[in-house]
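Q: only geometry, no sequence info:
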């Protein structure tokens, strides 16, 4: 009977030369009498080197395939894309430049010398503006621009343009809009019988995103992060028929935010820098199982497809148990509009975007005087006061790695107080402007309350940019927006921040040979910069000594004699209704805010900051 021989096999050799030498050593050790010709030209060495070659190639591909499964080590672009999508990050094929566009139009004056808004114009969505020197520099104004509408979110600046005698003849209206470097392109796709998870591909350079998809029946398809996501945000105009309770807030909150279920949905992913794949669901439009409502029959006693409900994962934001993941297009034609553009070349200088495409502009009212209407229509113009910035090429492999790791760490979570603050401030401004936000855990008798998890204090702003209390519609929109991101056990109570209006009276001694009025204006300018609303935070104290130092540095000021703060109160005077004891809240040169979340504000800088020159 043959005796089993234990071979001493090494697993550490991975390249050709090491494997070849080990094969020779193995043969010399275990087959010394069978073969002993190890010259380079011998037949035995030919087979050993072939085996070493095959082993080296297999080791290389094994190492390479293992490497390509790690986000930080993968080198192939398609593998990086797949890993990024698996962890929730969407790579970008291009980055669009952004800039502000000033849009102007003239309107005639009424008989009483006020602007005649009957001649106001509207730029519809996706109006384009380009450079007069290079028509390839095309920017897209995605938001509608209605000159007849003005609010804190969308103010209309009015100035006198032409005067005949002492009576205004024409006024100049100005609005601002954000614009991105993009061009709209369109493709159509025809579908027959429904197919599970059908896909289409958009092949183009510098694809920014899908603008919209409309089928031949006029139905809109919604883009989602993943096909299992059935709830999407939807907006409706804030008008009386839509919500009578919020009609008073239309100036501050033009749109109401709501959640809706959508069966027509799609997800997108880049498979290459010039190829965007669009994937649809697997359900038949005639037979969909998405109308499952959680009840004891399908949840409490175990799901039909799960034997043990204890191991089933439930999502608090998407209680969906379905095999369709949205419906598949069937017997229809989809019109896909997408945006292309961006890149480094789209970072154009200021003053270049002056060529406005007027094909998307119309009057708000009919029956106007034709000569005046033609003059007004031709008066519309635009310009970019700032240079476009932000345009860049596609994500580099290193950028994809780093952004994917960041996405894994964040996962759009709302766990900490800062998470909630950032998420609330990220709500689109069409649903209301949040100027300031402060979040804390409520306390009850010096003990942390377990009834309400979080208290969120917010402030809005009016058409003049002043702090104002958030209307009901804004709070409701914010509550709806956060409902898709908050932890299931968190309860959020949205309240107002108390506004404390203040005034400043200061006294200074001016150096000889300086004009008193100019020095006073310089001091007022310094104090105005110190109390800018953008930089002032909730519960921020006022450091009086710092103000003394800042005024002392103003050219022409010999010394600052006194700085006195006063409380401005009274809604009839345009101030907050809440009074505050400034003197009692001042300790050691610091004015402290109230225990309740509050913010100091100088309501009118021109009249609430006063200074005078006194003798030394």
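A: Alright, I've got the coordinates. Note that the structure is predicted; figures quoted are calculated from it, not measured.

Q: and the pLDDT for the nearest residue to residue 75 once chain neighbours are set aside?
A: Excluding its sequence neighbours, the residue lying closest to residue 75 (CB to CB, 6 or more residues apart in numbering) is residue 397, at 6.8 Å. All C-beta spots, glycine's among them, are computed from the backbone N, C-alpha and C. Per-residue pLDDT puts residue 397 at 86.

Q: show me what contacts residue 277?
A: Counting by CB atoms under 8 Å, 6 or more residues apart in numbering, residue 277 makes contact with 199, 200, 201, 268, 269, 270, 271.

Q: how far does the helix or strand harbouring it sit from the chain's center?
A: Residue 277 belongs to strand 275-280 when assigned by DSSP states H and E. Relative to its chain's centre, strand 275-280 lies at 23 Å (CA atoms, centre = their mean, to the nearest Å).

Q: tell me the strands beside that strand, with direction?
A: Paired neighbours of strand 275-280 in the sheet (DSSP bridges): strand 199-203 (antiparallel), strand 265-272 (antiparallel).

Q: and those, which one is worst for confidence?
A: strand 265-272 (a mean of 91).

Q: from residue 259, how far off is residue 227?
A: 18 Å (CB to CB, to the nearest Å).

Q: meant to ask about residue 472
A: Using CB to CB, we find residue 472 at a distance of 18 Å from residue 259.

Q: just to check, residue 106 is in contact with residue 161?
A: Yes - assessed by CB atoms under 8 Å, residue 106 is found in contact with residue 161 at 5.6 Å.

Q: any residues in contact with both of those two?
A: With CB under 8 Å, 6+ apart as the test, residue 106 and residue 161 both reach 170, 171, 172.

Q: is the first one part of a helix or strand, or is it coil?
A: So the one you mean is residue 170. Three-state assignment for residue 170 (DSSP: H, G, I helix; E, B strand; the rest coil): strand.

Q: residues in contact with it?
A: Residue 170 touches 106, 107, 108, 109, 160, 161, 162, counting by CB under 8 Å, 6+ apart.

Q: what does the last one give?
A: Under the criterion of CB under 8 Å, 6+ apart, the neighbours of residue 172 are 104, 105, 106, 158, 159, 160, 161.

Q: so which of these sit within strands?
A: Cross-referencing these against strands under DSSP state E gives 104, 105, 106, 158, 159, 160, 161.

Q: just the buried residues from these, in PyMOL please.
A: The PyMOL command for the buried members of these (criterion: 16 or more other CB atoms under 10 Å) is given here:
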select buried, resi 104+105+106+158+161
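
Q: quick one: which of the ones in strands among the contacts of residue 172 is nearest residue 461?
A: residue 158 (19.2 Å; CB to CB).

Q: tell me what the closest one is bridged to.
A: Bridge pairing for residue 158 - DSSP bridges - gives residue 173.

Q: isn't it right next to residue 168, touching?
A: No - checked against CB under 8 Å, the pair residue 158 and residue 168 is beyond contact range at 10.2 Å.

Q: what about residue 371, distance to residue 108?
A: Distance of residue 371 to residue 108, given as CB to CB: 11 Å.

Q: before we move on, what about residue 547?
A: Applying CB to CB to residue 547 and residue 108 gives a distance of 48 Å.

Q: do residue 550 as well
A: From residue 550 to residue 108 the distance is 47 Å (CB to CB).

Q: so between those two, which is more surrounded?
A: Counted by other CB atoms under 10 Å, residue 550 and residue 108 do not tie: residue 108 has more neighbours, with 20 against 15.

Q: let me know the secondary structure of the more buried one.
A: Relying on three-state DSSP, one would call residue 108 strand.

Q: wait, it touches residue 117, no?
A: No - in this structure residue 108 lies outside contact range of residue 117 using CB under 8 Å: 10.2 Å.

Q: could I get the full set of strands for the stretch 301-450 of the chain?
A: All strands of the stretch 301-450 of the chain, identified by DSSP state E, counting those that start in this stretch, fall at 332-340, 353-356, 361-363, 381-383, 436-440, 443-444, 447-448.

Q: the fifth one pairs with which strands, and in what direction?
A: Strand 436-440 pairs in its sheet with strand 454-461 (antiparallel), by DSSP bridges.

Q: run the chain-centre distance for the partner strand.
A: 19 Å.

Q: equivalent analysis for stretch 161-177, please.
A: For stretch 161-177, the distance to the chain centre is 36 Å (CA atoms, centre = their mean).

Q: about what we covered before: quick one: which of the strands of the stretch 301-450 of the chain is nearest residue 556?
A: Here strand 436-440 is closest among the strands of the stretch 301-450 of the chain (CB to CB), at 34.8 Å.

Q: what comes up buried for the closest one?
A: Quick answer for strand 436-440 (16+ other CB under 10 Å): 436, 437, 438, 439.

Q: can you give me the pLDDT of the second one?
A: Model confidence at residue 437, expressed as pLDDT, equals 91.

Q: how much space between it and residue 340?
A: Distance, residue 437 to residue 340, by CB to CB: 36 Å.

Q: over to the last one?
A: Here the distance between residue 439 and residue 340 works out to 40 Å (CB to CB).

Q: centroid-nearest residue for this protein?
A: residue 426 (5.9 Å; CA atoms, centre = their mean).

Q: low-confidence regions, the stretch 451-600 of the chain specifically.
A: Residue ranges of the stretch 451-600 of the chain with pLDDT under 70: 451-452.

Q: and the helices in it?
A: 472-482, 516-530, 544-552 (DSSP state H, counting those that start in this stretch).

Q: about what we covered before: nearest to residue 232 among the contacts of residue 170?
A: Ranked by distance to residue 232 (CB to CB), the contacts of residue 170 are led by residue 107 at 38.8 Å.
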